[in-house]
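Student: have a look; sequence and predicted model below, questions after that.
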Amino acid sequence: MNTLEVTYKEAYAIVQMNRGKVNAINFEMVQDLRDIFAKLEANPEVKGVILTGQPHYFSAGLDLIELFQYDKTQMTDFFVSFGALYLELVQFKKPFISAITGHSPAGGCVLAVTCDNRYMADGDNYVIGLNEVAVNIQISQNLTEVYAFWMGEGLASRYIMEGKLLSGKEALAAGLVDELVPLENVLERAETKMLQYMQADQEILVNTKAKLRKHLFNKLDLRAENSLKEANELWWKPEIRAKMKAYVESFSNKKKV
Amino acid sequence: MNTLEVTYKEAYAIVQMNRGKVNAINFEMVQDLRDIFAKLEANPEVKGVILTGQPHYFSAGLDLIELFQYDKTQMTDFFVSFGALYLELVQFKKPFISAITGHSPAGGCVLAVTCDNRYMADGDNYVIGLNEVAVNIQISQNLTEVYAFWMGEGLASRYIMEGKLLSGKEALAAGLVDELVPLENVLERAETKMLQYMQADQEILVNTKAKLRKHLFNKLDLRAENSLKEANELWWKPEIRAKMKAYVESFSNKKKV
Amino acid sequence: MNTLEVTYKEAYAIVQMNRGKVNAINFEMVQDLRDIFAKLEANPEVKGVILTGQPHYFSAGLDLIELFQYDKTQMTDFFVSFGALYLELVQFKKPFISAITGHSPAGGCVLAVTCDNRYMADGDNYVIGLNEVAVNIQISQNLTEVYAFWMGEGLASRYIMEGKLLSGKEALAAGLVDELVPLENVLERAETKMLQYMQADQEILVNTKAKLRKHLFNKLDLRAENSLKEANELWWKPEIRAKMKAYVESFSNKKKV
């Protein structure tokens, strides 16, 4: 797998996103994540999974520079596959923890909110949040549900409508992350939590997780081809396309400097 | 419209309640609010609405002195119309913000909770809350849903059973208001927020708001004639009628002093 | 009733659990609680109920030492009856308050979360929480619902998966208790709250409580024989049985010292 590194510990696995410095999400990375999580779900030796990123960036979200080049077929494939990945992660049956090593906006936050626990690097103005409104991407119904699960409907409503990126402290106050930890300890903190989970009877733990997400699952549209259909349609809206173009160009120019 | 003043800005409208010093809600005011919000919803030039009140009073709630004089037909008309207004405001599709310029108990709070954001005047012991239990009015199922949407079921349950009026600080802690702002800046703060909303793609914003309220809408009884039926029946219960009479008389006497 | 003492005040009743120093819950105590609450629900003179415990222990939860001796029939009877008690308390129609006089883990917390208000003794490291995962008991779907009702789905999810016991301060922050009060004032505080409820129109109050719990009731499986079926099956799982045996023996040894 080009975009991930997987480490197997005695009873759990660590999946590190490993695509450049910022872990921008493209089609290949989505496929790699879907493949590895399907394997980890099926592997009885693996009792839990930690997802982590690169120093300073858990994931910068969707790779808009690459996605902007996709034709309509590619973009549809991307959205269907990303919608499926999200559903698979939300429904992952075993304990699942994010070690958020830095920024985690938009698509980065999408991955993180599927987990049972989130430990986030403190300091350096790292941000996290579903800021889709601010970047002209249509958020899916499925995604709003999980945000509301963690922070309540009221705060989820206010933050999603604003397209807000939260500081670590704001994310902690909102219940979006469990703890703020110095960057160099984020993975270790996640592993300590995982070892705590490993003390429990695993049958009871998996049953319990399923119960805790029962109503969430009932709210989700499990058809991946539906969940980002609207996002896909609005992606090609001329005004939005123009804004995306300006954004991609400004960003490409910055990279050249 | 006798009870409202409407100001049209470039892309949004400000509706100021304007019925005496305290904006007590009578049948006429309910009708005026229903009329103006229907027009604003239909007007494509208007991308959002701010609702505000008078200095020190957003709205004191239902005009119990006038309502106490209504006969059974008038009272039924009032409750059906007020229930309908509430449903129309909750379902208002565009960004909708309250600039809460002071006290906002009971019916005043009913209006405010339908909004996407609430900025409340700080200081002077301004209070807000659904204190129906304390004033012997039967709260509707529809109203409990929106309170729980903003503050969670647990806190909504405790506060509604108590009939509690919240100070600004309590309302902020509960998620019932977004920010406390000096009285003279409340409207300005709401306008700044509205201008922020205007930066977003309006199609995406309206879609997003609908998604965020989907489950809330599923919980509501959309038949306005049903939602306050129980309140209407209990309004005429002799013990409650006697308490209301004592309250109205004490209040009328105060006004004469 | 061997395990309870009931005091009738002018308009409400106080039920004090009275089984040893720690109020460990056995079959007899469950039956006593079911009997008394059925009577109190039916008694029109009783407008509300306060449940309280012994100094330092509201209830230590299930009496694992006694339960460990139960045969399969006895254990099935226990779980069905305990599941029924929980459902009856959650659905108790009148105002219902817990005066939590100390520790309240697992089964003790199960009783407390059914109430409308919880006042907890401050100090002495008293703990409360649904720590079933940590003690190898399968939590029921019905129980997760009420925890989420009070603290939101996100926090309930994190705390239940962890099997966490909360300090008073953590419980207060989570919305699991309303206030921390010195031990000697806990019951008095609950009574003051009850007297406040007695000021309201009781018909309105009972209606209002029913509305506030409507969606909670919709989420519950009201068939008591189902709700703890899974807990009953896992109770007899050999690995769990072995852990329980070790726990019971260590505890019995401690008692002998």
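Tutor: Cool, got the structure. None of the values given here were measured: they were computed from a predicted structure. Numbering: from 1, shown residues only, chains lettered A, B, ... in the order given.
Student: which residues in the stretch 51-200 of chain A form strands?
Tutor: For the stretch 51-200 of chain A, strands defined by DSSP state E, counting those that start in this stretch occupy the ranges A:56-57, A:61-62, A:96-100, A:102-105, A:117-122, A:127-129, A:166-167, A:179-182.
Student: tell me which of the ones you listed sits most buried.
Tutor: A comparison of the strands of the stretch 51-200 of chain A by mean neighbour count, using mean count of other C-beta atoms under 10 Å in any protein chain shown, puts strand A:96-100 on top with a mean of 28. For the C-beta atoms, the positions are set from N, CA and C on the backbone; glycine is no exception.
Student: just send the strands of the stretch 51-200 of chain A back as CSV, with distance to chain C too.
Tutor: Compiled in CSV, the strands of the stretch 51-200 of chain A are given as follows (distance: least, C-beta to the nearest C-beta, whole Å):
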stretch, distance to chain C
strand A:56-57, 24
strand A:61-62, 22
strand A:96-100, 11
strand A:102-105, 17
strand A:117-122, 7
strand A:127-129, 15
strand A:166-167, 14
strand A:179-182, 11
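Student: ok, which of the ones you listed comes nearest residue C:126?
Tutor: Residue C:126 lies closest to strand A:179-182 among the strands of the stretch 51-200 of chain A, at 23.9 Å (C-beta to C-beta).
Student: what lines up beside that closest one in the sheet?
Tutor: strand A:117-122 (parallel) (DSSP bridges).
Student: how far off centre is the strand it pairs with?
Tutor: Averaging C-alpha positions (C-alpha atoms, centre = their mean, to the nearest Å) puts strand A:117-122 13 Å from its chain's average.
Student: check the offset of stretch A:65-76 from the chain's centre.
Tutor: That offset, for stretch A:65-76, works out to 20 Å (C-alpha atoms, centre = their mean).
Student: buried set for stretch A:32-49?
Tutor: Using 16 or more other C-beta atoms under 10 Å in any protein chain shown as the test for burial, stretch A:32-49 gives A:32, A:33, A:34, A:36, A:37, A:40, A:46, A:47, A:48, A:49.
Student: mean pLDDT and distance to residue A:150 added to the strands of the stretch 51-200 of chain A, as JSON lines?
Tutor: As requested, the strands of the stretch 51-200 of chain A are exported to JSON lines (pLDDT from 0 to 100; distance: least, C-beta to C-beta, whole Å):
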{"stretch": "strand A:56-57", "mean pLDDT": "98", "distance to residue A:150": "21"}
{"stretch": "strand A:61-62", "mean pLDDT": "97", "distance to residue A:150": "18"}
{"stretch": "strand A:96-100", "mean pLDDT": "98", "distance to residue A:150": "12"}
{"stretch": "strand A:102-105", "mean pLDDT": "98", "distance to residue A:150": "13"}
{"stretch": "strand A:117-122", "mean pLDDT": "98", "distance to residue A:150": "9"}
{"stretch": "strand A:127-129", "mean pLDDT": "98", "distance to residue A:150": "11"}
{"stretch": "strand A:166-167", "mean pLDDT": "98", "distance to residue A:150": "12"}
{"stretch": "strand A:179-182", "mean pLDDT": "98", "distance to residue A:150": "14"}
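Student: let's have those in CSV, adding distance to residue C:243.
Tutor: Below are those laid out as CSV (distance: least, C-beta to C-beta, whole Å):
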stretch, distance to residue C:243
strand A:56-57, 42
strand A:61-62, 44
strand A:96-100, 24
strand A:102-105, 38
strand A:117-122, 24
strand A:127-129, 38
strand A:166-167, 41
strand A:179-182, 29
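Student: in helices, which of the buried residues of stretch A:32-49 appear?
Tutor: Among the buried residues of stretch A:32-49, DSSP state H puts A:32, A:33, A:34, A:36, A:37, A:40 in helices.
Student: give the buried residues for stretch A:188-199.
Tutor: A:189, A:190, A:191, A:193, A:194, A:197, A:198.
Student: out of those, which are close to chain C?
Tutor: Contacts with chain C within the buried residues of stretch A:188-199, counted by C-beta under 8 Å from any C-beta of the partner chain: residue A:197.
Student: quick check, nearest of the buried residues of stretch A:188-199 to chain B?
Tutor: Nearest to chain B among the buried residues of stretch A:188-199 is residue A:193, at 25.0 Å by C-beta to the nearest C-beta.
Student: residues contacting that closest one?
Tutor: A:97, A:117, A:119 (C-beta atoms under 8 Å, 6 or more residues apart in numbering or on different chains).
Student: what about it, distance to residue C:105?
Tutor: Distance, residue A:193 to residue C:105, by C-beta to C-beta, to the nearest Å: 21 Å.
Student: repeat that for residue A:118.
Tutor: Counting by C-beta to C-beta - residue A:118 and residue C:105 are separated by 26 Å.
Student: and stretch A:178-195, how far out from the chain middle?
Tutor: On C-alpha atoms, centre = their mean, the centre of stretch A:178-195 falls 17 Å from that of its chain.
Student: equivalent analysis for stretch A:232-248, please.
Tutor: On C-alpha atoms, centre = their mean, the centre of stretch A:232-248 falls 22 Å from that of its chain.
Student: which stretches of chain A have low pLDDT?
Tutor: A:255-257 (pLDDT under 70).
Student: in it, what residue lies closest to chain B?
Tutor: Counting by C-beta to the nearest C-beta, chain A gets nearest chain B through residue A:154, at 3.9 Å.
Student: who's in contact with the closest residue to residue A:159 other than its chain neighbours?
Tutor: The shortest distance from residue A:159 to any non-neighbouring residue, by C-beta to C-beta, 6 or more residues apart in numbering or on different chains, is to residue A:129 (6.5 Å). By C-beta under 8 Å, 6+ apart, residue A:129 lies in contact with A:104, A:105, A:106, A:109, A:159, A:164, A:165, A:166, A:171, A:176.
Student: now swap in residue A:28 and tell me
Tutor: Residue A:28 neighbours (C-beta under 8 Å, 6+ apart): A:2, A:3.
Student: for the host helix or strand of it, C-alpha coordinates in PDB please.
Tutor: Under DSSP states H and E, the secondary-structure element containing residue A:28 is helix A:27-42. The C-alpha trace of helix A:27-42 is given here as PDB (Å, rounded to 0.1, in the frame of the first residue of the first chain):
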ATOM      1  CA  PHE A  27      -8.800   7.900  -4.600                       C
ATOM      2  CA  GLU A  28      -5.900   5.700  -4.000                       C
ATOM      3  CA  MET A  29      -5.700   6.500  -0.300                       C
ATOM      4  CA  VAL A  30      -9.400   5.900   0.100                       C
ATOM      5  CA  GLN A  31      -9.000   2.500  -1.500                       C
ATOM      6  CA  ASP A  32      -6.000   1.600   0.600                       C
ATOM      7  CA  LEU A  33      -8.000   2.500   3.800                       C
ATOM      8  CA  ARG A  34     -11.000   0.500   2.700                       C
ATOM      9  CA  ASP A  35      -8.700  -2.500   2.000                       C
ATOM     10  CA  ILE A  36      -6.800  -2.400   5.200                       C
ATOM     11  CA  PHE A  37      -9.800  -1.900   7.400                       C
ATOM     12  CA  ALA A  38     -11.700  -4.800   5.700                       C
ATOM     13  CA  LYS A  39      -8.600  -7.000   6.500                       C
ATOM     14  CA  LEU A  40      -8.300  -5.800  10.100                       C
ATOM     15  CA  GLU A  41     -12.000  -6.300  10.700                       C
ATOM     16  CA  ALA A  42     -11.700  -9.900   9.500                       C
END
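Student: so that helix versus strand A:96-100, what angle?
Tutor: 140 degrees (axes from the mean of the first three to the mean of the last three C-alpha atoms, to 10 degrees).
Student: distance of the residue nearest to residue A:159 from residue A:106?
Tutor: In terms of C-beta to C-beta, residue A:129 sits 8 Å off from residue A:106.
Student: perfect, I'm done here.
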